[in-house]
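Asks: need a 3D model of the sequence below.
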Amino acid sequence: MQQRLWGSMKARLEALLSFLKDADSLEAFQAATEQVCDIYGVLHCVYHWVNSDGERFGAGTYSSVWVDRYLEMDYLRMVPVIFGCFQRFTPANWKDLDWTTKAARAMLDDALKHGLGNQGYSIPLHGPQGQFALFTLNHQAEDDDWAAFIDINGRDLIVLAHEFNRRALEFEGAEGIASPSLSPRELAAIRCLARGLSRAQAAAELGISEHTLRVYIESARHKLGALNTTHAVARALSTGII
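Replies: Okay, here's the model as predicted:
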């Protein structure tokens, strides 16, 4: 029975790697993070990068409410995951990072209230010209169970992380995801919000999932240097982008 389960999981992983290799849109990239959660049975999967110009791109399953909160509180400046991984090349179990500061503990408490699990595992990725990325899994589990999960799946997760990063680098070169100008899908998403549509209404109008809509909104917001969605819409209007 165990062997059959392992064989099935291996086949699903190979299918995901093939899917990711052929991903040619942000929708597909986002779908890949959702498939990771499904295959490994975890709460969240996130891929997030910063290039040498400080421009950011991300895809993942965190709620839009938490992403808004994260940016609003400027948690990027205090999260131990970023500081703990930036200078290293090996994966980091969040439990092994320094959460002793008051700011870090407050951020973690806030994250738990917004639906994140108490465990995390982040794989740092360093690319050309200063590119830095993190591939992260997040879940709710006991320490021993999470350690066992990492022990069993760690090698596969590293393979997945590098495939995500390879594909993102290809996107940057071929499609300009990290470009300051907004893509047609990003513009469409921001226009829907500017018209006062809810995320659900905007996703329905564009024929995409709310998760995928969030990818476009977050990408547009980062490019516009906005603190939240309202700020992004305001900047897009004030600059004449929409």
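Asks: settle this for me: residue 112 is touching residue 120, isn't it.
Replies: No. The criterion here is CB atoms under 8 Å, and residue 112 misses it with residue 120 at 11.4 Å. Placement of C-beta: from N, CA and C, glycine included.
Asks: between these two, who's got more neighbours?
Replies: Counted by other CB atoms under 10 Å, residue 112 and residue 120 do not tie: residue 120 has more neighbours, with 23 against 12.
Asks: quick one: residues contacting that one.
Replies: Each residue near residue 120 by CB atoms under 8 Å, 6 or more residues apart in numbering is listed here: 81, 93, 94, 136, 137, 138, 139.
Asks: for the protein, which residue is closest to the average position?
Replies: Nearest to the mean C-alpha position of the chain, counting by CA atoms, centre = their mean, stands residue 46 at 3.0 Å.
Asks: any idea which helix or strand comes after the helix or strand hosting residue 159?
Replies: Per DSSP states H and E: residue 159 is located in helix 143-175. Next in sequence after helix 143-175, counting helices and strands by DSSP H and E, comes helix 184-194.
Asks: pull up the gap between the closest residue in space to residue 107 that isn't next to it in sequence and residue 109, please.
Replies: Leaving out its chain neighbours, the residue that sits closest to residue 107 by CB to CB, 6 or more residues apart in numbering is residue 75, at 5.1 Å. Distance, residue 75 to residue 109, by CB to CB, to the nearest Å: 12 Å.
Asks: please apply the same query to residue 213.
Replies: In terms of CB to CB, residue 213 sits 28 Å off from residue 109.
Asks: those two - which one has more neighbours?
Replies: residue 213 (25 against 10).
Asks: pretty sure the more buried one contacts residue 189?
Replies: Yes. The pair residue 213 / residue 189 is scored as a contact, 5.8 Å apart, by CB under 8 Å.
Asks: contacts for the helix or strand residue 133 falls within next, please.
Replies: Using DSSP H and E, residue 133 sits within strand 132-139. The contact list for strand 132-139 (CB under 8 Å, 6+ apart) reads 36, 40, 42-50, 60, 81-82, 85-86, 116-117, 119-127, 146, 149, 157, 160-161, 164-165, 168.
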